[in-house]
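A.B. asks: give me coordinates for this.
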Amino acid sequence: MQETEARLQREIEALLQQAEKVDEEEDARYGKGKSGDELPEELQRRESRLAVIRAAKAELEAEAKAKAEAEAQAAREKIAERERNEKETGKKLGGTPPRVPDPEQATPDPKAQKSFTDPESRIMKDGAMKSFEQAYNAQIAVGAERPCPPGPRRYSDALESYSNAAQLGPEQSAPLKALGRRAPGAARAPP
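C.D. replies: Got it, this is the predicted structure:
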């Protein structure tokens, strides 16, 4: 048993010396810590770029599914409202009922894009120059006497359009509601 132990110890030491020699040769040939079988730098960049593109594509698919789920819910509500109206009036309403989209079948628009550097921004058309650029259209309201709490919007709810005319009313009234006031011209709430 002692002879076997000594023999195994010698074999282990020989293997470790051989591995160290090979490691030194590879360090001299390929550089410290490299073995020569690493992917070329160009291929590494392409693989990382592909990973980023796949992640962005997955986000676009998730957004399309969420949008389809919201549209499906809205369509179901319209159908329920339509059925209530038909029951109340006893008449069948004209036109075609809303189509309920299947969120599982939702796919992003083929031209949909996602910024790799700033996912919160959007590609928007500049109304004056008729060109496209990566931009934001965020809304903010401030108070003269004290800070105005923001409305229920989040940073990610920034508009995807240069025109913000439709947001003027909601943005004006949301902080006032948060302060317990009413917007100018708004009807008083019944006591």
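
A.B. asks: ok, and what's touching stretch 99-118?
C.D. replies: Residues outside stretch 99-118 that contact it (Cβ atoms under 8 Å, 6 or more residues apart in numbering): 52, 56-57, 59-61, 63-69, 71-72, 75-76, 79, 121, 123, 134. To be clear about C-beta, it is placed using only N, CA and C from the backbone, and glycine gets the same treatment.

A.B. asks: restricted to helices, list those.
C.D. replies: Those of these mapping onto helices are 52, 56-57, 59-61, 63-69, 71-72, 75-76, 79, per DSSP state H.

A.B. asks: buried among these? Make that a ChimeraX selection.
C.D. replies: Remark: buried members of the ones in helices among the contacts of stretch 99-118, expressed as a ChimeraX selection using 16 or more other Cβ atoms under 10 Å:
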select :56,60,64,65,68,71,72
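
A.B. asks: please enumerate the strands of this structure.
C.D. replies: For the chain, the strands defined by DSSP state E occupy 122-125, 132-135.

A.B. asks: so what's the residue count around residue 114?
C.D. replies: The number of residues packed around residue 114, counting by other Cβ atoms under 10 Å, is 19.

A.B. asks: swap in residue 98?
C.D. replies: Per other Cβ under 10 Å, the neighbour tally for residue 98 reads 16.

A.B. asks: enumerate every residue touching it.
C.D. replies: So residue 98 contacts 74-75, 78-79, 82 (Cβ under 8 Å, 6+ apart).

A.B. asks: once you drop chain neighbours, what's closest to it?
C.D. replies: Spatial nearest neighbour of residue 98, chain neighbours left out: residue 75 (4.1 Å); criterion: Cβ to Cβ, 6 or more residues apart in numbering.

A.B. asks: let me know the pLDDT of that neighbour.
C.D. replies: pLDDT, residue 75: 92.

A.B. asks: over to residue 144?
C.D. replies: 65.

A.B. asks: and what of residue 178?
C.D. replies: 64.

A.B. asks: output the contacts of residue 98 as a markdown table; include the columns distance to residue 38.
C.D. replies: Converted to a markdown table, the contacts of residue 98 look like this (distance: Cβ to Cβ, whole Å):
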| residue | distance to residue 38 |
| --- | --- |
| 74 | 52 |
| 75 | 53 |
| 78 | 58 |
| 79 | 59 |
| 82 | 63 |
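
A.B. asks: between those residues, which sits nearest residue 24?
C.D. replies: Each of the contacts of residue 98 was checked against residue 24 using Cβ to Cβ; the closest is residue 74, at 68.9 Å.

A.B. asks: contacts only, for that closest one.
C.D. replies: With contact taken as Cβ under 8 Å, 6+ apart, residue 74 is in contact with residue 98.

A.B. asks: coming back round to it: closest to residue 34 out of the strands of the chain?
C.D. replies: Closest to residue 34 of these is strand 132-135 (Cβ to Cβ; 38.2 Å).

A.B. asks: what mean pLDDT does the closest one have?
C.D. replies: For strand 132-135, the mean per-residue pLDDT is 82.
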